[in-house]
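>>> Here is a sequence together with a model predicted from it:
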Amino acid sequence: MSGLLQLLVSGLALGAIYALVALGFVVIYRASQVFNFAQGEFVAFGALMMVSLHAEGLPWLAAVALSCVLTGLLGALVERVLLRPLVGRPVFVTIILTIFVGALLRAGMTIAWGHELRGMPTPWDTMAEVQVLDAQLLVNSLGAMATGALVLGLYFVLIRRTRMGVAMRATASDQEVALALGIPVGRVFGATWFLAGALAALAGIFLGMYPRNVDIHLGFVALRAFPAVIVGGLDSAMGTVIAGILLGVLELLCQGYINPHLGEFGKNFHAVFPYFVMILFLMVRPYGLFGSREVERV
């Protein structure tokens with residue numbers, strides 16, 4: 001029972017992180033129909049920036065906030081300088097450019113931080129645990145769950161209750177109509193990339209906490225959140241959040257209960273298990289759990 005509880009809590013924490021990463025994909029896609037393949041690099045950049053800022057003596061909470069802001073500004077800068085001029089071009093051109101942006105960011109992070117592993121600072125003891133029933137739960141996992149729930153709640157308040165949220169929803173619905181109504185679509189694009197960058201940084205910070213470390217390859221781990229986007233639905237923020245949490249739990253349960261029975265084949269089976277789920281959904285329900293089904297009249 002204690003082992004199951006530990007796996008469930010760790011899975012919920014990982015799922016909350018996946019939800020933050022996947023939500024970054026969705027907010028950009030909803031606004032501009034662009035799939036940002038550089039999102040993983042934003043995750044790694046935010047985590048490395050956090051480590052560097054805290055090492056410079058900045059308090060933990062201030063370092064978290066500044067890391068999110070700087071990563072968000074990086075996302076907005078990429079959109080304004082590299083992607084805005086391509087508005088009106090075929091979408092695949094912009095998507096290919098995001099792959100180039102990811103490679104460029106990875107090269108820049110290699111120059112700035114190198115390849116060595118770094119430990120992510122925490123405001124509590126790095127390996128602190130809390131006993132619940134018979135289980136020892138990592139404070140890092142509980143912190144990731146609480147922070148993920150808070151940030152995701154604030155995001156939905158932003159979308160539903162603020163003028164920028166209304167503008168983002170209108171732009172996602174129809175860019176031309178939004179422009180005709182006087183909505184600054186360019187500013188909305190910048191805001192969505194800023195938001196995606198900030199979410200990526202926060203996900204990277206909690207993803208880099210013990211038992212993991214931080215390096216320039218952290219973004220590859222973050223891309224394991226990609227199946228949540230497909231399973232939840234490319235245009236559904238709520239579906240993506242739910243799918244991210246579910247896939248995080250399933251991945252940890254797979255690691256605990258399925259991997260040991262697969263021998264050599266099961267060493268990292270949990271890492272690819274979400275992709276099996278994604279492929280299944282692509283075959284059976286390609287628009288995801290909550291995605292909008294496209295209907296074409298001929």
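Nice, I can see it.

>>> Helices of the stretch 51-200 of the chain, start to end?
Using DSSP state H, counting those that start in this stretch, the helices found in the stretch 51-200 of the chain span residues 60-78, 91-113, 139-161, 163-173, 175-180, 185-207.

>>> Just tell me which of these ends up closest to Glu41.
helix 91-113 (4.0 Å; CB to CB). Bear in mind the C-beta positions are built from the backbone N, C-alpha and C, glycine included.

>>> neighbouring contacts of that closest one?
Residues from elsewhere that reach helix 91-113, judged by CB atoms under 8 Å, 6 or more residues apart in numbering: 32-38, 40-42, 44-45, 48, 52, 78, 82-83, 86, 215-216, 219.

>>> Now which of the residues you listed would you call buried?
32, 34-38, 40-42, 44-45, 48, 78, 83, 215-216, 219 (16 or more other CB atoms under 10 Å).

>>> Surely Val229 touches Ile28?
No. Look at Val229 against Ile28 with CB atoms under 8 Å: they stay out of range, at 10.7 Å.

>>> who's more crowded, those two?
Val229 (28 against 24; other CB atoms under 10 Å).

>>> tell me which element the more buried one is part of?
In this assignment (DSSP states H and E), Val229 forms part of helix 226-232.

>>> list the helices and strands that helix packs on?
In terms of contacts (3 or more CB pairs under 8 Å, 6 or more residues apart in numbering; DSSP states H and E), helix 226-232 is packed against helix 2-32, helix 237-257, helix 269-284.

>>> how close does Gly88 get to Phe37?
Going from Gly88 to Phe37 by CB to CB, to the nearest Å gives 21 Å.

>>> can you tell which of the helices and strands packed on helix 226-232 is closest to Glu176?
Glu176 sits nearest to helix 2-32 of all the helices and strands packed on helix 226-232, at 13.1 Å, using CB to CB.

>>> Pull the distance from that closest one to the chain's centre.
Offset of helix 2-32 from its chain centre (CA atoms, centre = their mean, to the nearest Å): 7 Å.

>>> any idea of the angle that helix forms with helix 91-113?
Orientation check (axes from the mean of the first three to the mean of the last three CA atoms, to 10 degrees): helix 2-32 against helix 91-113 gives 120 degrees.

>>> Tell me the helices and strands packed up against helix 2-32.
Partner elements for helix 2-32 (3+ CB pairs under 8 Å, 6+ apart): helix 39-55, strand 135-138, helix 139-161, helix 163-173, helix 185-207, helix 226-232, helix 237-257.

>>> Tell me if Phe35 really is in a strand.
No. Assigned with DSSP: H, G, I helix; E, B strand; the rest coil, Phe35 falls outside any strand and is coil.

>>> For it, what are phi and psi?
Per-residue torsions, Phe35: phi -100, psi 120 (degrees, to the nearest 10).

>>> how near is it to Gly24?
11 Å.

>>> now Leu8
Applying CB to CB, the value for Leu8 to Gly24 is 25 Å.

>>> ok, now Phe276?
23 Å.

>>> of the two, who's got more company?
Between Phe276 and Gly24, counting by other CB under 10 Å, Gly24 is the more crowded of the two (31 against 12).

>>> Go ahead and confirm that one touches Ala38.
No. The pair Gly24 / Ala38 is not scored as a contact, 10.3 Å apart, by CB under 8 Å.

>>> so which of the helices and strands packed on helix 226-232 comes closest to Ala200?
If we rank the helices and strands packed on helix 226-232 by CB to CB, the stretch that ends up nearest is helix 2-32, at 5.1 Å.

>>> Check which residues of the closest one are buried.
Within helix 2-32, the residues scored as buried using 16+ other CB under 10 Å are 6-32.

>>> Ok, which of the helices and strands packed on helix 226-232 comes nearest Met168?
That would be helix 2-32 among the helices and strands packed on helix 226-232, by CB to CB, at 6.2 Å.

>>> Low-confidence ranges, the stretch 1-150 of the chain, go.
When residues are selected by pLDDT under 70, those of the stretch 1-150 of the chain lie in 1-2.

>>> Can you tell me how far the closest residue to Arg30 other than its chain neighbours is from Val166?
Excluding its sequence neighbours, the residue lying closest to Arg30 (CB to CB, 6 or more residues apart in numbering) is Ala172, at 3.9 Å. As defined by CB to CB, Ala172 lies at a distance of 11 Å from Val166.

>>> These two - which one has more neighbours?
The neighbour count for Ala172 versus Val166, taken as other CB under 10 Å, is higher for Ala172 (21 against 13).

>>> Double-check that one against Asp235; I have them as touching.
Yes. Taking contacts as CB under 8 Å, Ala172 lies within contact range of Asp235: 7.4 Å.
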